[in-house]
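Peer 1: what follows is a predicted protein model with its sequence.
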Amino acid sequence: MSETFKEVIVVEGNHDKARIHERFSEADVVITNGSEVPRETLDMLKHLNRQRGLILLLDPDGPGEKIRRLITDYVGNTKHVFIERRHCIDEKKKKVGIEHAELDVIETALLRYVMSNKAETFVTKQDLYDRRLIGFKDAKKRREHLCISLHIGMANGKTLLKKLNMFGIELEILDEVIS
């Protein structure tokens, strides 16, 4: 694959980095070494984000989301890539990680990243309620469909609201995906 990235790709561990390099050998990849990201790493990521930008490609689990929030809060706007959990499961050990995803899935996800945007509010809690995404029996199923379609990672109601606004997803796009 000849695709190169201006941005630096951020992953959790060495196995994730090796997996990325199987398809994108020239990509610059930084690892966080898990969820306790050292201050030095955060400072480096902040600098890299200013110079080149970051693409966060983290595991679709609780620790991965924690790292995503930590980095975004520290460095500011970044690009986010999400791969569905079902694509990241090691069938033998039942572990979840980017290193278990098929190369085609990783490639597709990286080439379709989403930019975070913390500045504006596009969607409100009432908007989610009006679209049956919170407060209804079928809300969880509707949220799952929406999150998969938008490639923003799974979310409960509160997290969905935060993600929709962080990624600048407007009501028109939300309505288009729901219908």
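Peer 2: That came through fine.
Peer 1: now do the phi/psi pair for residue 80.
Peer 2: Here is the backbone geometry of residue 80 (degrees, to the nearest 10): phi -120, psi 140.
Peer 1: and it, how far from residue 126?
Peer 2: To residue 126, residue 80 is 25 Å away according to CB to CB, to the nearest Å. Yep, even glycine has a C-beta here, placed from its N, CA and C like the rest.
Peer 1: give me the more crowded residue out of those two.
Peer 2: Using other CB atoms under 10 Å, the more surrounded residue of residue 80 and residue 126 is residue 80, with 23 against 9.
Peer 1: that one against residue 113, yeah?
Peer 2: Yes: with contact defined as CB atoms under 8 Å, residue 80 reaches residue 113; the gap is 6.6 Å.
Peer 1: which neighbours do those two share?
Peer 2: Common neighbours of residue 80 and residue 113, using CB atoms under 8 Å, 6 or more residues apart in numbering, are residue 55.
Peer 1: which intervals of this structure have sub-threshold pLDDT?
Peer 2: 1-3, 114-120 (pLDDT under 70).
Peer 1: which positions in stretch 75-93 come out as buried?
Peer 2: Across stretch 75-93, burial judged by 16 or more other CB atoms under 10 Å covers 75, 77-84, 87-89.
Peer 1: what does stretch 143-152 give?
Peer 2: 143, 146-147, 150-152.
Peer 1: could you spell out which stretches of this protein belong to which domain?
Peer 2: Domain ranges of the chain: 1-116, 119-179, per automatic domain parsing.
Peer 1: before we move on, the earlier item: so which of the buried residues of stretch 143-152 comes closest to residue 64?
Peer 2: Closest approach to residue 64 among these (CB to CB): residue 152, at 13.2 Å.
Peer 1: ok so that closest one is a helix residue?
Peer 2: No: with DSSP: H, G, I helix; E, B strand; the rest coil as the criterion, residue 152 is located in coil rather than a helix.
Peer 1: can you tell me, leaving aside adjacent residues, what's nearest to it?
Peer 2: In space, and not counting its chain neighbours, residue 152 is closest to residue 163: 5.0 Å by CB to CB, 6 or more residues apart in numbering.
Peer 1: can you list contacts of the helix or strand hosting the one you found?
Peer 2: Element membership for residue 163, per DSSP states H and E: helix 157-166. Here helix 157-166 makes contact (CB under 8 Å, 6+ apart) with 65, 72, 116-118, 120-125, 128, 133-135, 139, 143, 146-147, 152-153, 155, 169, 174.
Peer 1: pull out the buried residues from those.
Peer 2: Among these, those buried by neighbour count (16+ other CB under 10 Å) are 65, 72, 116, 122-123, 128, 133-134, 139, 143, 146-147, 152-153, 155, 169, 174.
Peer 1: thank you kindly, that will do.
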